[in-house]
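Trainee: I'll drop the sequence and a predicted model, then ask my questions.
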Amino acid sequence: MIFKTFWRNKVKTTDKKTDIINHLDSFKYKTQIETRFVDFDMMGHVNNAVYFTYMEIARVKYWNTAVKWDWKKTGVVIAKAELDYHTPIFPEDKISMYVRTSRIGSSSFDLEYLLVKLVHGEEVICSKGKTVCVAFDYISKNSSPIPEDEKAKMISFEQLLDN
């Protein structure tokens, strides 16, 4: 029996927004990520679930540096998290995460992530991720508007146009 696959011959189309995330210089924030022994699976590379932990670590560092989010006033919950895996990470790899705010709504905003490793002095993309973050009032247990101060800091840091 012979099977022919047609899906492999299809050209994958991308939009301009997808193309932008591939440019490292479009990110204004970068932090190093330290791997731990527990991050590696039996295959000798970082387990796929750990990439989300790396995103969380980088997200908190980003918020503390770029936004200085007031956690006592307004919380943040993750409504959606997605990740595309490209290249495995091994114990000897030195990795860094780029983070940026790419969209700001009234109560939610998007963060994009690029996880890279150094290979012969060049940064190689290991994964691309995105989270939809929602400002959250823990007392009322509902989403809330993004505080104007934090929104202004995100817009200023990322040099976004205020909609």
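Mentor: Great, that's in hand.

Trainee: low-confidence ranges, this protein, go.
Mentor: Scanning the chain for pLDDT under 70 picks out the ranges 1-22, 161-163.

Trainee: assign the nearest residue to K117 once chain neighbours are set aside to helix, strand or coil.
Mentor: Of all residues not flanking K117 in the chain, D93 sits nearest, at 4.3 Å (CB to CB, 6 or more residues apart in numbering). Just so you know, the C-beta spots here come from the backbone N, C-alpha and C atoms, and that holds for glycine as well. Here D93 is recorded as coil under DSSP: H, G, I helix; E, B strand; the rest coil.

Trainee: give me the number of residues near D93?
Mentor: With neighbours defined by other CB atoms under 10 Å, the count for D93 comes to 17.

Trainee: how near is it to E148?
Mentor: The spacing between D93 and E148, counted by CB to CB, to the nearest Å, is 40 Å.

Trainee: so what's the backbone phi/psi at H45?
Mentor: Backbone dihedrals for H45, given as degrees, to the nearest 10, come out at phi -130, psi 170.

Trainee: so who does the residue nearest to it when sequence neighbours are not counted touch?
Mentor: Once flanking residues are discounted, H45 sits nearest to P88: 4.0 Å by CB to CB, 6+ apart. By CB atoms under 8 Å, 6 or more residues apart in numbering, the contact list for P88 reads H45, V46, C126.

Trainee: no further queries at this time; thank you.
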